[in-house]
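> test case, fold it:
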Amino acid sequence: MGLLGNELAFAHTLTPQEHESVMALGNRKSYPADAHLLTEGDRSSHVVIIIRGWVTVSVATDRGATRLILGLRGPGELLGEMAALDPHPRSATVRALGPIEAQVISGDAFRRFLALHPRVSGLVIRQLTSRLRSADQERSALASLTVLQRLAGRLIELSGIDPSGPYAPSAAGPSSGPAAPGPASSGHPAHGHPAARAAASGPVVHLAQDELAATIGATREAVAKALRLLRAQNIVRTGNRMVEILDPALLALLGDGHEE
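Predicted coordinates:
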């Protein structure tokens, strides 16, 4: 599984001249935290290039209000290109994790630019195929891995992201605070012996249980149960909108599909 992907962001693959030309097609727009940049089912066709900040890409599930987070996108990422290239409604919702600066380009202008710049068109196609491949891997994980395994893999992934990224890990400790704007607090008190709480020993992922559940296609209740199992084995320690990883090696083993 992977929320961030392994490809370079679209804007970072452009030459300076291509970058200048693409950005000149649109206008810069600011979005507040929690704003929808794109909405699933909408008939709009514009594309968005993130300049500053991070967003989630999510889809509705069969559980009503519950959403499945498919990806986290940051500076340089191109979003909304599918709706710009075909007449179908938006396939996902893009929500700001914090304040966002983005370049908004009309679908017509973007399509005309791609027709005149085959190299850039190829970059867009490569991005689409990469994201489709990632979505296939996510579906496979949902079908073949348990909630515990998916949770372990996601925590390992989020604990290793760049400090400037979303849900960034930080050095654990009583004074540690969220490294990026995040979802509402889970309201759970910290667990573990007081001495252990004072002595930090691993990276901390700042994420509430409900949004962590959304990143693995599970319910909040299922994630809470999995976290209790991990706490019982001293693999993680949890607190107010945080999960501290105490045993990364064992957690990674679980994430690879082992539950011994």
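> going forward, measure contacts and count neighbours with C-alpha atoms only.
OK.
> show me where this structure has helices.
Under the criterion DSSP state H, helices of the chain are mapped to 16-23, 81-85, 107-116, 118-144, 147-159, 194-198, 209-216, 220-232, 248-255.
> out of these, flag the one nearest Thr61.
Nearest to Thr61, of all those, is helix 209-216, at 9.9 Å by Cα to Cα.
> can I get that closest one in CSV, CA atoms only?
What follows is helix 209-216, C-alpha atoms only, in CSV (Å, rounded to 0.1, in the frame of the first residue of the first chain):
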residue,chain,number,x,y,z
GLN,A,209,-8.2,7.2,14.8
ASP,A,210,-11.1,8.1,12.5
GLU,A,211,-8.8,9.5,9.7
LEU,A,212,-6.3,6.7,10.2
ALA,A,213,-9.2,4.3,9.7
ALA,A,214,-10.0,6.2,6.4
THR,A,215,-6.5,5.6,5.1
ILE,A,216,-6.9,1.8,5.3
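> i'd like the first residue to be 550 from this point on
OK, 550 is where the count begins now, so the last one is helix 758-765.
> counting by contacts, list what that helix packs against.
Secondary-structure packing of helix 758-765 (3 or more Cα pairs under 8 Å, 6 or more residues apart in numbering; DSSP states H and E): strand 616-622, helix 696-708, helix 769-781.
> one step back: now render the helices of the chain as TSV, adding mean pLDDT.
Putting the helices of the chain into TSV (pLDDT from 0 to 100) gives the following:
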stretch	mean pLDDT
helix 565-572	97
helix 630-634	93
helix 656-665	97
helix 667-693	85
helix 696-708	90
helix 743-747	38
helix 758-765	87
helix 769-781	94
helix 797-804	90
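> of all the ones you listed, which one is nearest Ala582?
Per Cα to Cα, nearest to Ala582 of the helices of the chain: helix 758-765, 15.2 Å.
> ok now the closest one, how far from the chain's centre?
How far helix 758-765 lies from its chain's middle: 10 Å, per Cα atoms, centre = their mean, to the nearest Å.
> next, the buried residues of that helix.
By neighbour count with 16 or more other Cα atoms under 10 Å, helix 758-765 contains the buried residues 758-765.
> for stretch 662-669, same thing?
Residues 662-663, 669 are the ones in stretch 662-669 that count as buried (16+ other Cα under 10 Å).
> do the same with stretch 591-604
Going by neighbour count (16+ other Cα under 10 Å), the buried part of stretch 591-604 is 593-604.
> Throw those into a markdown table and include pLDDT and distance to Gly623, thanks.
Output for those, formatted as a markdown table (pLDDT from 0 to 100; distance: Cα to Cα, whole Å):
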| residue | pLDDT | distance to Gly623 |
| --- | --- | --- |
| Ser593 | 95 | 22 |
| Ser594 | 95 | 20 |
| His595 | 97 | 18 |
| Val596 | 97 | 15 |
| Val597 | 98 | 11 |
| Ile598 | 97 | 9 |
| Ile599 | 97 | 6 |
| Ile600 | 97 | 8 |
| Arg601 | 96 | 7 |
| Gly602 | 93 | 6 |
| Trp603 | 91 | 4 |
| Val604 | 93 | 7 |
